[in-house]
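Engineer: Sequence first, then the predicted structure, then my questions.
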Amino acid sequence: MLFFTSMIFFSYFATNIISKKINQKKYAIAHIFLLIVATAFFPFNISENVQLQRPIVSILTTLFVSMGLPFFLLGMTNPLLQDWFHKIQDKESHFLFSASNIGSLLGLLSYPLLIAPLLSLNQQINLWCTGYVFYIIGIITCRPKKSLEVIEVKEEPIPFRSKLYWVLLSATGLALMLAITNIITAEMGSIPLLWTIPLVIYLLTFILNFKQVPFYPASLRKIARMLIFGLAVILLVLENKGTSLLFLALQYLILFFGCMFCHRKLYLDRPKSGELTSFYLYLSLGGGIGSLFMSVGIPILGKDWGNTSLEYLVALALFASALLVKEFEQIKLTFSKQALASVIIASLLIVCGIIGTKVLLKDQSPVLSFRNFYGPYRIVDSNGIRKFFHGATLHGQQFLDKERSKEPLLYFHPQSPIGEFFATQTQIESVGVLGMGIGSLTAYARKGQHWDIYEIDPDVVAVAQSHFTHLKQGLVRPTIHIGDGRLNLQSKQDKSFDLLIMDAFSSDSVPTHLITLEAMRLYLKKLKNDGVLIFNISNRYLNLNKILLSAAIKLNIPHLTQLKKFSDKRLGKSHSSWFLMSKNQKIIDQLKSKKSWTTMDPKKNKIRVWTDSYTNVLAAFKFF
């Protein structure tokens with residue numbers, strides 16, 4: 001999003017200058033020429049090598065180099081066409097901003113519902129390139145047909161307070177959308193279907209407010225501020241309590257009312273069409289600031305703050321600042337009741353947010369709390385157990401009692417599927433694990449074995465070594481590889497492992513690139529001929545059994561699966577689901593004889609196998 005908002009700002013900045021300094025008929029020809037030149041970047045070539053020391057800088061650099069020019073030119077479309085329309089028709093053109101957002105909304109909805117489920121990545125790229133050609137044809141059709149000379153019109157300069165007000169309102173809407181998106185995707189996975197909903201709400205509020213007859217009922221205007229205030233407090237109290245349907249609904253409601261309020265105020269405060277490019281420039285600047293706060297500011301400034309309420313507090317602070325800027329003169333000159341109400345509400349938003357967060361943190365007594373590029377983390381001691389959270393998802397726990405501290409808990413309990421597997425397999429010499437957590441799996445290590453653990457987040461490694469003892473107490477000292485597990489695994493010698501365990505999670509989600517067909521082939525290449533491949537697919541929302549079964553059928557490899565539930569989670573046990581693949585029929589038969597491991601019926605599985613160029617998240621949701 002930071003790349004997107006940055007490019008939009010640069011695009012609007014260029015359009016603002018061009019619309020006021022350059023003859024538009026001449027520029028239209030140059031613009032079309034640049035659009036054609038930009039096709040040299042097709043198809044986009046995105047590098048897989050991201051520097052873990054500076055992931056944000058590395059990702060932004062890659063995106064700018066690979067698709068910067070096409071994105072920059074596409075970003076100029078909205079203000080440029082509005083400017084042409086106003087100069088040619090001499091009419092109000094703000095409604096075109098609503099129309100452009102309708103187009104964005106249709107594209108946004110079509111991707112997870114139609115394009116992603118039906119087309120491979122290569123087909124999607126070809127479709128996009130075809131659409132780009134039609135886009136150029138559209139620009140040629142809409143270009144000014146006669147000379148539009150630059151006319152210097154003396155207008156009153158836009159007050160600084162108005163510019164600041166636009167920036168803060170725009171920043172608030174985008175920051176709020178990103179805050180909610182970050183929290184939801186941290187819990188359920190960074191997949192199109194999930195980040196689509198907040199973005200749909202965000203775009204919808206622009207559409208409703210900027211269309212020719214804006215939709216903003218008087219009843220909604222009266223209760224908007226109090227709704228934002230009330231829902232914000234509830235969210236801050238419920239924060240880190242999980243992603244229940246109520247919690248999700250509250251987040252979507254506050255996003256809708258918050259963005260409706262901000263975007264309505266922007267529409268009412270809009271300048272005349274002659275200054276529309278300046279107006280959109282400041283809107284884009286606000287979007288960039290909101291994105292910068294969420295993408296860069298929070299991980300840096302809030303590195304010691306391990307819960308997700310910080311995102312809300314930043315958005316609320318921007319909202320409060322916008323209210324104060326708008327009502328400043330009234331406060332100063334008249335001290336009106338409405339102005340006083342705005343100040344009180346703004347102050348309460350911040351105070352209640354801080355109080356609610358402190359109460360929440362006091363209840364959970366964090367031993368360690370921090371955040372980085374991968375999200376917020378917390379370590380909490382409760383009832384003699386130390387717990388490690390990523391977002392609201394529990395990633396590992398260990399008894400504080402030294403005598404019981406060697407016992408693996410949660411998904412790795414001795415009575416879990418993976419515990420049963422290690423209890424029956426004594427001939428394993430080499431083990432590879434993708435994903436560290438707190439190192440619970442090393443509790444099953446035996447003398448003489450060699451373990452390789454692959455973990456993308458160096459801070460997770462540091463936590464496992466400093467605040468948990470599995471790595472120290474184990475019978476082996478594993479070799480730890482920091483970086484993307486799949487990329488690092490490529491350099492490992494073929495036929496190295498007897499057992500390969502995929503236990504990598506981003507909060508509650510399994511990264512999709514680790515369960516594609518190409519990933520499976522890599523894993524099998526690194527396994528010995530009679531090796532075993534096991535996946536931890538414990539998940540609240542996605543049924544990954546069907547996805548892995550499709551891969552097993554495609555690769556013609558026997559499989560087993562087991563879902564283990566426990567009635568009393570206070571003993572450190574947790575429901576867990578595991579999927580196993582192996583060409584070793586002896587192991588398959590041995591586990592199958594225990595009745596707890598079963599096979600799935602291939603005839604009932606109609607899910608298309610996931611590949612690096614195709615994933616269909618809708619098919620994996622448990623409610624489908």
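Structural biologist: Structure's in. What do you need?
Engineer: what packs against the strand or helix carrying Phe389?
Structural biologist: Following DSSP states H and E, one finds Phe389 within strand 385-390. If contacts are counted by 3 or more CB pairs under 8 Å, 6 or more residues apart in numbering; DSSP states H and E, strand 385-390 sits against strand 375-382, strand 393-399. Every residue, glycine included, has its C-beta placed from N, CA and C.
Engineer: Out of those, which is the most enclosed?
Structural biologist: Of all the helices and strands packed on strand 385-390, strand 393-399 has the most neighbours on average by mean count of other CB atoms under 10 Å, namely a mean of 22.
Engineer: ok, residues contacting that strand?
Structural biologist: With CB atoms under 8 Å, 6 or more residues apart in numbering as the test, strand 393-399 has contacts from 186-187, 384-389, 405, 407, 409-410, 437-440, 468-470, 505, 507-508, 572, 574.
Engineer: can you give me the mean pLDDT across stretch 101-120?
Structural biologist: Taken as a whole, stretch 101-120 carries a mean pLDDT of 85.
Engineer: what's next to it, contact-wise?
Structural biologist: With contact meaning CB under 8 Å, 6+ apart, stretch 101-120 is reached by 124, 127, 192-193, 196, 199-200, 203-204, 206-207, 210, 611, 613-619.
Engineer: Now the terminal residues of that stretch, how far apart.
Structural biologist: In stretch 101-120, first residue to last residue: 26 Å (CA to CA, to the nearest Å).
Engineer: one step back: compile the helices and strands packed on strand 385-390 into CSV and extend it with columns for distance to Leu73 and mean pLDDT.
Structural biologist: CSV is the format used below for the helices and strands packed on strand 385-390 (distance: least, CB to CB, whole Å; pLDDT from 0 to 100):
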stretch, distance to Leu73, mean pLDDT
strand 375-382, 33, 85
strand 393-399, 41, 86
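Engineer: how about those strands in CSV, adding distance to Ile137?
Structural biologist: Converted to CSV, the helices and strands packed on strand 385-390 look like this (distance: least, CB to CB, whole Å):
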stretch, distance to Ile137
strand 375-382, 43
strand 393-399, 48
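Engineer: List the contacts of the helix or strand hosting Leu199.
Structural biologist: Applying DSSP H and E as the criterion places Leu199 in helix 192-210. Here helix 192-210 makes contact (CB under 8 Å, 6+ apart) with 94-95, 97-98, 101-102, 104-105, 108-109, 111-112, 116, 173-174, 177, 180-181, 184-185, 188, 214-216, 251-252, 255-256, 259-260, 262-264, 266-267, 617-618.
Engineer: tell me the mean pLDDT for that helix?
Structural biologist: 83.
Engineer: Output it in CSV with nothing but the alpha carbons.
Structural biologist: C-alpha atoms of helix 192-210 as CSV (Å, rounded to 0.1, in the frame of the first residue of the first chain):
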residue,chain,number,x,y,z
PRO,A,192,-7.0,-11.2,-1.6
LEU,A,193,-10.4,-12.1,-0.3
LEU,A,194,-9.6,-10.7,3.2
TRP,A,195,-8.0,-7.4,2.4
THR,A,196,-10.7,-6.8,-0.3
ILE,A,197,-13.5,-6.1,2.2
PRO,A,198,-11.9,-3.2,4.0
LEU,A,199,-10.8,-1.7,0.7
VAL,A,200,-14.3,-2.2,-0.7
ILE,A,201,-15.7,-0.2,2.2
TYR,A,202,-13.1,2.5,1.8
LEU,A,203,-13.8,2.9,-1.9
LEU,A,204,-17.6,2.7,-1.4
THR,A,205,-17.5,5.7,1.0
PHE,A,206,-15.7,7.7,-1.7
ILE,A,207,-18.3,6.7,-4.3
LEU,A,208,-21.3,7.6,-2.0
ASN,A,209,-19.9,11.0,-1.1
PHE,A,210,-18.5,12.2,-4.5
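Engineer: Just the buried positions in it, please.
Structural biologist: The neighbour-count check on helix 192-210 (16 or more other CB atoms under 10 Å) flags 192-199, 201-210 as buried.
Engineer: Might one say that Lys387 is in contact with Val380?
Structural biologist: Yes. Contact criterion CB atoms under 8 Å: Lys387 and Val380 qualify, at 4.9 Å.
Engineer: Return, as residue ranges, the portions of the stretch 251-400 of the chain with sub-threshold pLDDT.
Structural biologist: 273-274, 301-309, 327-365, 392 (pLDDT under 70).
Engineer: hey, where'd the helices end up in it?
Structural biologist: In the stretch 251-400 of the chain, the helices defined using DSSP state H, counting those that start in this stretch lie at 276-292, 298-301, 309-333, 337-364.
Engineer: need the strands for the protein, in chain order.
Structural biologist: According to DSSP state E, the chain carries its strands in the segments 366-372, 375-382, 385-390, 393-399, 430-434, 450-455, 479-482, 497-502, 527-536, 559-564, 576-582.
Engineer: can those go into CSV with extra columns for distance to Asn543?
Structural biologist: CSV is the format used below for the strands of the chain (distance: least, CB to CB, whole Å):
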stretch, distance to Asn543
strand 366-372, 30
strand 375-382, 24
strand 385-390, 21
strand 393-399, 17
strand 430-434, 21
strand 450-455, 25
strand 479-482, 30
strand 497-502, 16
strand 527-536, 13
strand 559-564, 10
strand 576-582, 9
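Engineer: Mind checking these for the one nearest to Gly297?
Structural biologist: Relative to Gly297, the nearest member of the strands of the chain by CB to CB is strand 366-372, separated by 11.4 Å.
Engineer: quick one: buried residues of the closest one?
Structural biologist: 366, 369-372.
Engineer: got the contact list for stretch 157-170?
Structural biologist: 262-263, 265-266, 269, 271, 275, 278-279, 282-287, 289-290, 318, 321-322, 325-326, 328-329.
Engineer: From those, list just the buried residues.
Structural biologist: Here, 16+ other CB under 10 Å leaves 262-263, 265-266, 271, 275, 278-279, 282-287, 289-290, 318, 321-322, 325-326, 328 buried among those.
Engineer: contacting residues for Cys262?
Structural biologist: Contacts of Cys262 (CB under 8 Å, 6+ apart): 169-170, 172-173, 205, 319, 322.
Engineer: all helices of the stretch 451-600 of the chain, in order?
Structural biologist: Under DSSP H, counting those that start in this stretch, the stretch 451-600 of the chain gives helices at 458-466, 470-473, 485-489, 517-526, 545-555, 585-592.
Engineer: Format these as a markdown table; extra columns: mean pLDDT.
Structural biologist: Listed next are the helices of the stretch 451-600 of the chain as a markdown table, based on pLDDT from 0 to 100:
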| stretch | mean pLDDT |
| --- | --- |
| helix 458-466 | 92 |
| helix 470-473 | 89 |
| helix 485-489 | 89 |
| helix 517-526 | 93 |
| helix 545-555 | 91 |
| helix 585-592 | 88 |
